[in-house]
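Enquirer: I would like the atomic coordinates for the input below:
(4 chains)
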Protein chains: 2
Amino acid sequence: MVRAREERASRWDELATDWCPVARALSVIGDRWTLLIVRDCFLGKSRFEEFQKSLGVTRHVLSERLRRLVEQGVLERNAYSERPLRFTYSLTDKGRDFAPALVGLKDWGKKHMPVRKPAAG
Amino acid sequence: MVRAREERASRWDELATDWCPVARALSVIGDRWTLLIVRDCFLGKSRFEEFQKSLGVTRHVLSERLRRLVEQGVLERNAYSERPLRFTYSLTDKGRDFAPALVGLKDWGKKHMPVRKPAAG
DNA sequence: AGACTCCGTTCAGAAACAGAACCTATACAC
DNA sequence: GTGTATAGGTTCTGTTTCTGAACGGAGTCT
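Expert: This next block holds a predicted model:
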């Protein structure tokens, strides 16, 4: 009886039923990498290797996050090649609806987290 | 030479200088609890015990997150009592500018993460 | 004195993460 | 058919971070 992976409930899952919609949103995308994966999707990226190179996240974590995002219906996984079997991950309607929140974060980052350039040369 | 706490650079800090403003925003508020603390501030909470009870976060993590938010200029720490010395944490202008992003997350949560009620009483 | 409040800090054990190696399947070159 | 490359993961080991609970300090209340 090999159970490849237990769905282990962490504190994340508690947030999923929180009274506050912000907390419920965070239960899906509130970890270090997930929102960056979604951002990459908005930027047109769709494949495992693309995400991995773009983010520098470990393959282990990336694979778990992608699985979670698919489970949550934010991304969908489609084969773009049958042999060899290969997949793309792309935004669902639910995923595309993140756009306003992402824009909000983008605007805040632009305004309040300017990139500090080394003073000269 | 007691160094109370080293500023230990984690992957979070790498994000602070990322080309993408979303990533830079996440370097400040992109962990499990920080955005919820900011949300609580918008809801009028301001004291350590209030955050702790509201979120259920451990005191250890709460204290670190508050310190970080103050360092980043998102919150400010003001004494509301000199003796015993006690503080409130309240939003700065930088913190208040999170409102649009928070609203974006709230709307997404409301639309896509409905609270599942148990089927019948 | 003893109990209570507020704001933390410290500690041990558990969970998550990073970095690297490994695996499967296919294609392409020789 | 041997070797190299690509794509999409999984497995392993050690480090970092988090949780839960206890402790501390400074002051008030009774």
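Enquirer: residue contacts, the residue minimising distance to the centre of chain A?
Expert: Centroid-nearest residue in chain A: residue A:34, 2.9 Å away (criterion: C-alpha atoms, centre = their mean). With contact set as C-beta atoms under 8 Å, 6 or more residues apart in numbering or on different chains, residue A:34 has these partners: A:28, A:65, A:68, A:69. (Each C-beta comes from the backbone N, C-alpha and C, glycine too.)
Enquirer: separation between the nearest residue to residue A:90 once chain neighbours are set aside and residue B:19?
Expert: In space, and not counting its chain neighbours, residue A:90 is closest to residue A:46: 5.5 Å by C-beta to C-beta, 6 or more residues apart in numbering or on different chains. Applying C-beta to C-beta, to the nearest Å, the value for residue A:46 to residue B:19 is 20 Å.
Enquirer: mind checking which of these two has more residues around it?
Expert: residue A:46 (18 against 7; other C-beta atoms under 10 Å in any protein chain shown).
Enquirer: pLDDT at that one, what is it?
Expert: Residue A:46 is assigned 98 on the pLDDT scale.
Enquirer: so it, which of the three states?
Expert: Assigned by DSSP: H, G, I helix; E, B strand; the rest coil, the conformation of residue A:46 is coil.
Enquirer: test my guess that it contacts residue A:91.
Expert: No. Assessed by C-beta atoms under 8 Å, residue A:46 is found out of contact with residue A:91, at 9.1 Å.
Enquirer: and the next helix or strand past the helix or strand that contains residue A:37?
Expert: Taking DSSP states H and E as the definition, residue A:37 sits inside helix A:34-42. Moving toward the C-terminus from helix A:34-42, the next helix or strand (DSSP H and E) is helix A:48-55.
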